[in-house]
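K.L.:
predicted coordinates and the sequence they were generated for:
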Amino acid sequence: MRLKDKTALVTGGARGIGREIALRLAREGANVVIWDINPESAKSTAKDIEALGVKADYAQTDVTKFNQVEESVNKILDNFQKLDILVNNAGITKDNLLLRMSEADWDAVINVNLKGTFNCTKAVSKVMLKQKSGKIVNIASIIGIIGNFGQANYAASKAGIIALTKTTAKELASRGICVNAVAPGFIQTEMTAKLPADIQQKLLAQIPLSRLGKPEDVANLCLFLASSESDYITGQTIIIDGGMVMA
Ligand code: NAP
């Protein structure tokens, strides 16, 4: 088991990619806490994690609220005494062309995706600095690298996450903390199911591996970045997109 006795926190871990990451880390022996704004689905995912034979917990924590985030980190320390892995996964989209995008939709996406990642990283890194170890994995997106029609808010938030990843990696490296980002392409979840069928077909035509990604594909990469197998990697953004974007 690659993560035996580690404690991991996955934000937005109740469903979609976050849920798959939480289960993948648990299968490797990690005790997993999930934060989500939906307590019912968070509770149900926590039950599925426990069924794998590790400890699980959940909290209705909104990543946009710094005080709530700090209180929830303290609760994790009360229950688990340490926190080894943070996966900043919580994210939303509110798409529209720039000229039609409302200020509220801009703010909402930046708040959850970028400020949420800042809030959780700040609160958790205090713990990791004392421990002198830790792994932080930020879920970015290829859209943060290449941009996309109708996604000015989302693209800016994910580009911001990539820059935040590099900066925190530099600031935390001397204490043995690795910070990396994962940039998925199009992954089969409720988020991409919302895309019209013709757009999905156009996207498929641009993917050399001829399929959308699975949440499990992303979870496997997160496992690698959360484990000691990636100890010499920090500040990187790893693209996982079936070959759609080749740098
Ligand atoms: P999803 O199915 O919509 O799941 C997102 C999760 O985050 C949900 O459980 C949601 O809770 C939770 N969440 C939303 N706002 C939150 C907040 N303020 N605080 C805490 N939790 C919150 O999305 P997904 O497709 O799995 O995406 C997960 C991550 O991967 C996101 O960062 C996304 O940008 C990124 N990503 C996805 C794709 C893709 O193709 N799907 C591609 C690239 C990157 P509720 O259930 O209550 O809404």
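P.N.:
Now that the structure is in, tell me what you want to look at.
K.L.:
what residues does the lowest-mean-pLDDT helix or strand in the chain touch?
P.N.:
Least confident helix or strand, the chain: helix 190-193 with a mean of 84, by mean pLDDT, DSSP states H and E. Residues outside helix 190-193 that contact it (Cβ atoms under 8 Å, 6 or more residues apart in numbering): 15, 16, 93, 186, 200, 212. Heads up, the C-betas are built off the backbone N, CA and C, glycines and all.
K.L.:
which is the next helix or strand following it?
P.N.:
Going down the chain from helix 190-193, the next helix or strand is helix 197-205, by DSSP states H and E.
K.L.:
can you dump the C-alpha atoms of that next one in CSV for me?
P.N.:
The C-alpha trace of helix 197-205 is given here as CSV (Å, rounded to 0.1, in the frame of the first residue of the first chain):
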residue,chain,number,x,y,z
ALA,A,197,-23.6,16.6,-28.2
ASP,A,198,-22.1,18.4,-31.2
ILE,A,199,-19.5,20.1,-29.1
GLN,A,200,-18.6,16.7,-27.5
GLN,A,201,-18.2,15.2,-31.0
LYS,A,202,-15.9,18.1,-32.0
LEU,A,203,-13.8,17.6,-28.9
LEU,A,204,-13.5,13.9,-29.5
ALA,A,205,-12.1,14.6,-33.0
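K.L.:
do that helix and the ligand meet at all?
P.N.:
No. Judged by Cβ under 6 Å from any ligand atom, helix 197-205 and the ligand are separated, with a smallest distance of 9.8 Å.
K.L.:
and what of stretch 129-144?
P.N.:
Yes. Stretch 129-144 lies within reach of the ligand by Cβ under 6 Å from any ligand atom, at 139, 141.
K.L.:
do you know the pLDDT at the residue nearest in space to the middle of the chain?
P.N.:
In the chain, the C-alpha nearest the mean C-alpha coordinate belongs to residue 89, at 2.1 Å (Cα atoms, centre = their mean). Residue 89 is assigned 98 on the pLDDT scale.
K.L.:
can you tell me how far it sits from the ligand?
P.N.:
For residue 89, the distance to the ligand (Cβ to the nearest ligand atom, to the nearest Å) stands at 5 Å.
K.L.:
got a list of what that residue touches?
P.N.:
Residue 89 makes contact with 10, 11, 12, 13, 17, 18, 21, 139 under the criterion Cβ under 8 Å, 6+ apart.
K.L.:
give the pairing partners of the longest strand belonging to the chain; include direction for each.
P.N.:
When the chain is parsed with DSSP state E, its longest strand is strand 177-184. Each strand that pairs with strand 177-184, with its direction, by DSSP bridges: strand 134-139 (parallel), strand 237-240 (parallel).
K.L.:
in JSON lines: the ones you listed, plus mean neighbour count and mean pLDDT.
P.N.:
Putting those into JSON lines (neighbours: other Cβ atoms under 10 Å; pLDDT from 0 to 100) gives the following:
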{"stretch": "strand 134-139", "mean neighbour count": "26", "mean pLDDT": "99"}
{"stretch": "strand 237-240", "mean neighbour count": "19", "mean pLDDT": "98"}
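K.L.:
okay if I get those as CSV plus distance to residue 30?
P.N.:
CSV is the format used below for those (distance: least, Cβ to Cβ, whole Å):
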stretch, distance to residue 30
strand 134-139, 11
strand 237-240, 20
